[in-house]
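K.L.:
Turn this into a model:
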Amino acid sequence: MPATNNASRYGWVARSLHWLTALLILSAILLGLYGEDLPFDTSETLAIKAQIYSWHKTIGVAAFFVAVLRILWALSQPRPAPLHPERRLETAVAEGVHWMLYAAMVLMPLSGWVHHAAVDGFAPILWPLGQSLPFVPKSEVVAQVAGALHGVFSKLLILAVILHVAGALKHALIDRDGTLARMVTGRAVGSGAAAHPRAPAIAALAVFALAGLAVLGLAGRAPEAAPAAAPVAAATGGNWQVESGSLTFVVRQMGADVQGSLPDWRAEIRFDDSVTAGPQGHVRVEIDTTTLALGSVTDQAKGAEFFDTATHKTALFEADILPDGAAHVAQGSLTLRGSAQPVSLPFTLNITGDTAQMQGETTLDRRAFGMGASYGDESSVGFPVVVKVELTARRK
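P.N.:
This is a model prediction of the structure:
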């Protein structure tokens with residue numbers, strides 16, 4: 001069987017790429033629809049959901065590359081002419097549907113891949129490469145737009161597949177011609193090579209362009225999220241004013257590190273750098289847990305199983321500041337989810353004039369605060385949580 005096409009039949013390369021693309025695309029669609037409705041209320045159900053989505057993403061990325069190869073091959077080859085060229089409207093519609101398929105087979109998996117790269121979360125792609133993409137930043141905004149485009153493009157792909165299958169069945173069951181046989185068996189039917197008309201291609205691509213612009217327009221009109229509140233000292237007490245800073249954490253989920261943040265917190269700091277022995281001061285930090293962000297699993301992290309932000313909207317860290325050799329340590333307790341646990345936070349401190357810069361890191365065990373009680377297997381959600389704090393403060 002020849003590899004290339006001619007005026008009356010498709011070669012084995014075109015037919016192989018056609019059916020491989022169909023298999024990958026349909027598998028990715030079915031896995032995505034199935035995984036969307038799966039629960040994730042226990043470690044077992046989370047592991048199943050993550051595995052389904054990992055396969056969905058991996059197959060989707062593979063489908064992207066196969067689709068690109070298929071399109072390039074199709075454009076480089078002669079194409080057997082339609083068996084009913086006199087049916088101009090039907091031929092134009094069929095050509096437009098083909099171009100819709102081409103566009104969707106590229107844009108749908110690509111937008112999903114961008115969403116995956118833009119946000120941390122569970123369900124990694126099942127090979128070492130592809131977890132991130134060049135020029136795609138870790139950004140909630142990018143992830144939301146890419147996710148919306150992925151949803152719209154998936155609907156257009158499903159529509160194009162339905163129309164394509166309906167057309168193939170019409171040729172096989174009503175017209176009873178050899179159109180479908182060309183792609184199934186490679187049989188030579190008819191004569192004359194068809195051109196690649198521009199009008200159907202432009203019309204199909206215009207549909208996707210309009211859909212994409214509609215999504216971007218809605219994203220642009222959506223109310224902007226309120227900027228994360230800058231950490232500032234409490235209104236009373238303390239002799240240092242926090243000017244900027246960050247409170248982040250890293251937890252391992254399904255074998256991948258996921259970074260989270262708690263952007264809204266207030267710190268009351270009393271510190272005397274002239275003290276050389278014993279406590280040098282005290283710190284009290286109130287953290288708004290409702291502002292938690294944890295990649296694609298933010299809602300899950302806010303749920304009753306973990307931070308339970310509906311019931312426990314605030315976490316509290318209180319500690320004495322003690323010298324620790326050349327560094328310092330904040331020794332005290334963290335109250336989270338209503339559970340108070342001892343916490344030691346080592347940190348470095350650099351004071352220049354009236355400005356202090358602090359960096360600290362500690363590791364907590366989520367189980368100590370009753371988090372993820374049903375997630376007893378570390379392969380789903382890790383036990384240790386690495387907490388990092390950075391801030392710049394000015395002496396009052």
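
K.L.:
now the strands for the stretch 151-300 of the chain?
P.N.:
Under the criterion DSSP state E, counting those that start in this stretch, the stretch 151-300 of the chain contains strands at 193-194, 232-233, 240-253, 256-261, 265-271, 281-288.

K.L.:
Looking at these, which is nearest to residue 299?
P.N.:
With distances scored as CB to CB, the stretch of those nearest to residue 299 is strand 256-261 (12.5 Å). For every residue, glycine as well, the C-beta is placed using N, CA and C.

K.L.:
which residues touch the nearest residue to residue 293 once chain neighbours are set aside?
P.N.:
For residue 293, ignoring the flanking residues on the chain, the nearest one in space by CB to CB, 6 or more residues apart in numbering is residue 261 at 5.1 Å. When contacts are counted by CB atoms under 8 Å, 6 or more residues apart in numbering, residue 261 is found next to 246, 247, 248, 249, 292, 293, 294.

K.L.:
and those residues as CSV, adding neighbour count, pLDDT and distance to residue 361?
P.N.:
Below are those laid out as CSV (neighbours: other CB atoms under 10 Å; pLDDT from 0 to 100; distance: CB to CB, whole Å):
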residue, neighbour count, pLDDT, distance to residue 361
246, 14, 94, 12
247, 21, 96, 11
248, 16, 94, 10
249, 20, 94, 10
292, 21, 94, 19
293, 17, 90, 19
294, 23, 87, 18
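
K.L.:
any idea how far residue 245 is from the residue nearest to residue 293?
P.N.:
As defined by CB to CB, to the nearest Å, residue 261 lies at a distance of 11 Å from residue 245.

K.L.:
Over to residue 113?
P.N.:
From residue 113 to residue 245 the distance is 34 Å (CB to CB).

K.L.:
Spell out which residues make up each domain of this structure.
P.N.:
Following automatic domain parsing, one gets these domains for the chain: 12-221, 232-395.

K.L.:
any idea of the pLDDT on residue 236?
P.N.:
pLDDT for residue 236: 49.

K.L.:
low-confidence ranges in the stretch 201-350 of the chain?
P.N.:
Scanning the stretch 201-350 of the chain with the threshold set as pLDDT under 70 gives 220-237, 255.

K.L.:
One more pass at 80, please.
P.N.:
Applying pLDDT under 80 to the stretch 201-350 of the chain flags the ranges 218-237, 254-256, 275-277, 295-296, 325-326.

K.L.:
Next: the stretch 51-200 of the chain.
P.N.:
In the stretch 51-200 of the chain the weaker segments, taking pLDDT under 80 as the threshold, are 120-122, 128-129, 140, 190-197.

K.L.:
Reformat the domains of the chain into CSV and put distance to residue 4 next to each item.
P.N.:
What follows is the domains of the chain, written out as CSV (distance: least, CB to CB, whole Å):
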stretch, distance to residue 4
domain 12-221, 6
domain 232-395, 43
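
K.L.:
May I see the buried residues of stretch 296-308?
P.N.:
Residues of stretch 296-308 classed as buried: 296, 297, 300, 301, 302, 305, 306, 307, 308 (neighbour count, 16 or more other CB atoms under 10 Å).

K.L.:
most tightly surrounded among the strands of the stretch 151-300 of the chain?
P.N.:
Stretch with highest mean neighbour count among those: strand 265-271 (a mean of 21; mean count of other CB atoms under 10 Å).

K.L.:
Return the distance of the longest helix anywhere in the chain from the chain's centre.
P.N.:
Among all segments of the chain classified by DSSP state H, the helix with the greatest residue count is helix 43-76. Offset of helix 43-76 from its chain centre (CA atoms, centre = their mean, to the nearest Å): 14 Å.

K.L.:
Next, the angle from it to strand 240-253.
P.N.:
Angle of helix 43-76 versus strand 240-253, following axes from the mean of the first three to the mean of the last three CA atoms, to 10 degrees, is 80 degrees.

K.L.:
helices and strands around the following helix or strand past helix 43-76, which ones?
P.N.:
Going down the chain from helix 43-76, the next helix or strand is strand 79-80, by DSSP states H and E. When contacts are defined as 3 or more CB pairs under 8 Å, 6 or more residues apart in numbering; DSSP states H and E, strand 79-80 sits against strand 193-194.

K.L.:
So for the nearest residue to residue 80 once chain neighbours are set aside, what pLDDT did the model give?
P.N.:
Among residues not flanking residue 80 along the chain, residue 8 sits closest, at 5.5 Å (CB to CB, 6+ apart). According to the per-residue confidence, residue 8 scores 87 in pLDDT.

K.L.:
hang on, residue 8 packs against residue 179?
P.N.:
No - at 11.7 Å, residue 8 does not count as touching residue 179 under the criterion of CB atoms under 8 Å.

K.L.:
Between these two, which contacts overlap?
P.N.:
A shared contact of residue 8 and residue 179, defined by CB under 8 Å, 6+ apart, is any residue touching both; here these are residue 189.
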